[in-house]
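# All I have is the shape, not the residue letters:
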């Protein structure tokens with residue numbers, strides 16, 4: 001948890017609160033997963049006291065454990081705030097230049113954690129699963145903003161996808177799938193350039 005907690009991309013991949021991916025102990029949606037106090041309160045990542053021995057390895061020049069913990073929490077706070085800004089920018093609809101075609105290749109038939117709930121003991125429990133690759137939900141890969149009844153309509157995403165290909169494969173095996181290779185080569189070699 002401490003090592004992963006130093007990777008900015010881990011925080012950047014957090015689901016948006018509006019997608020109701022995390023519920024509190026009462027089953028109510030948590031709307032801001034980028035809130036540093038939530039992480040501190042739940043003792044997640046670098047805020048977990050059990051990670052102290054790993055944090056000391058990251059900060060060997062800091063002798064005091066309380067000071068190391070404060071440095072780790074400050075880093076986590078900065079990284080969460082930066083990830084929030086990253087998500088806000090990603091949510092701005094943008095049309096790619098005519099010369100750029102964005103293609104998504106993702107898994108979508110493997111049950112993937114969709115909604116988690118914080119239990120009274122602080123652990124997370126899976127409440128619902130959805131289609132994905134076992135790690136990333138289909139709707140997350142698409143940055144699909146459809147909710148409720150709107151989910152039956154056409155894709156709503158700030159990303160101007162030109163094309164998408166969904167495979168029955170898990171996260172790590174996607175690129176090993178011959179269907180992936182055949183289709184990507186076809187798109188690269190046969191589709192005319194814009």
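Done, it's in. What you see is a predicted model; the values in this text were computed from it and never measured.

# Let me know the secondary structure of residue 126.
strand (DSSP: H, G, I helix; E, B strand; the rest coil).

# what's in contact with stretch 68-87?
Under the contact criterion Cβ atoms under 8 Å, 6 or more residues apart in numbering, stretch 68-87 has outside partners 2, 5-6, 8, 11-12, 14, 16, 34-36, 39-40, 45-47, 49, 51-52, 55-56, 58-59, 62. C-beta here means a position set from N, CA and C on the backbone, and glycine is covered the same way.

# next one: stretch 171-179
Contact partners of stretch 171-179, identified using Cβ under 8 Å, 6+ apart, comprise 105-107, 133-136, 167, 169, 180-181.

# ok, back up a step: narrow the contacts of stretch 68-87 to those in helices?
8, 11-12, 36, 39-40, 52, 55-56, 58 (DSSP state H).

# which of the contacts of stretch 171-179 tops the neighbour count?
Taking other Cβ atoms under 10 Å as the neighbour criterion, residue 107 ranks highest of the contacts of stretch 171-179 with 26 neighbours.

# I'd guessed it sits against residue 167; true?
Yes - with contact taken as Cβ atoms under 8 Å, residue 107 and residue 167 are classed as touching, separated by 5.6 Å.

# Of the ones in helices among the contacts of stretch 68-87, keep whichever come out buried.
Buried members of those, scored by 16 or more other Cβ atoms under 10 Å, are 11-12, 36, 39-40, 55-56, 58.
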